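Asker: generate a structure from the sequence data that follows.
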Amino acid sequence: MAISFTFKFLVLAMAVVCMSVFCFCLGKADEGLPQTGGVAADPAQIVAKALLCFNDKYIYSSCEESCRLTARGNLGVPPDYIDEYCSGPCLSETHLVLNCIENIMTNFLFYNKATIQDIRDTILAGCGYGPERGNFNVEEHIEAEESSASKAATQILIGIGLTIIGRTLLL
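Answerer: From the prediction side, this is the model:
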């Protein structure tokens, strides 16, 4: 009986330690690694250089200014211009701007707190043929992603917790 109790206690302790390590490491960036695409300079200079990508006449040459990605993280694609945007030069030029920014500063945040990947995901959804086609509102897309990610993370943690408790009780 004492061996069974000790074994259950040991399993529970190991599960708690594993969960603690998992939760501690979750979301931590690689510390010490450069996040500027290899550019070593003053942070203000790095950001200024990344912002120049929005005004580079060689990158944005064919896309109408009203449909261009802004430093605020907005895509001003009107509903009647979706097909032209998604199959024309605006889409490829927007990706060139995102690549330009990413090559200078990999962790660039737009003024609306969107990441480069958030913009790419919004473009993918806005140009897709699903229910989000034509919706280029980056902030709405981020909120929807955060909401679904939060629900998924909660469900995963509850599942792990219930599994640990269930296994402990069955031992």
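
Asker: I'd like the next helix or strand past the worst-scoring helix or strand of the chain on mean pLDDT.
Answerer: Counting by mean pLDDT, DSSP states H and E, the chain has its least confident helix or strand at helix 2-25, which shows a mean of 49. For helix 2-25, the following helix or strand on the C-terminal side (DSSP states H and E) is helix 43-51.

Asker: which is the next helix or strand following that following helix?
Answerer: Counting by DSSP H and E, what follows helix 43-51 is helix 82-87.

Asker: right, and the helix or strand after that following helix?
Answerer: helix 89-104.

Asker: mind giving me the packing neighbours of that next one?
Answerer: helix 43-51, helix 116-127 (3 or more Cβ pairs under 8 Å, 6 or more residues apart in numbering; DSSP states H and E). In this view, the C-beta of every residue, glycine as well, is placed from N, C-alpha and C.

Asker: include mean pLDDT when you put the ones you listed into JSON lines, please.
Answerer: Below are those laid out as JSON lines (pLDDT from 0 to 100):
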{"stretch": "helix 43-51", "mean pLDDT": "84"}
{"stretch": "helix 116-127", "mean pLDDT": "93"}
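
Asker: so for Gly73, which of these sits nearest?
Answerer: helix 116-127 (6.6 Å; Cβ to Cβ).

Asker: CA atoms of that closest one as CSV?
Answerer: The C-alpha trace of helix 116-127 is given here as CSV (Å, rounded to 0.1, in the frame of the first residue of the first chain):
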residue,chain,number,x,y,z
ILE,A,116,4.5,40.5,-40.5
GLN,A,117,2.9,37.0,-40.2
ASP,A,118,-0.4,38.6,-39.1
ILE,A,119,-0.4,40.7,-42.3
ARG,A,120,0.4,37.7,-44.4
ASP,A,121,-2.4,35.7,-42.8
THR,A,122,-4.9,38.5,-43.4
ILE,A,123,-3.9,38.7,-47.0
LEU,A,124,-4.2,35.0,-47.4
ALA,A,125,-7.7,35.0,-45.9
GLY,A,126,-8.8,38.1,-47.8
CYS,A,127,-7.7,36.7,-51.1
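
Asker: now the angle from that helix to helix 89-104?
Answerer: Interaxial angle, helix 116-127 versus helix 89-104 (axes from the mean of the first three to the mean of the last three Cα atoms, to 10 degrees): 170 degrees.

Asker: check which residues of helix 116-127 are buried.
Answerer: Within helix 116-127, the residues scored as buried using 16 or more other Cβ atoms under 10 Å are 116, 118-119, 121-123, 125-127.

Asker: dump the helices and strands packed on helix 89-104 to a markdown table, plus distance to Ser87.
Answerer: Formatted as a markdown table, those follow (distance: least, Cβ to Cβ, whole Å):
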| stretch | distance to Ser87 |
| --- | --- |
| helix 43-51 | 28 |
| helix 116-127 | 8 |
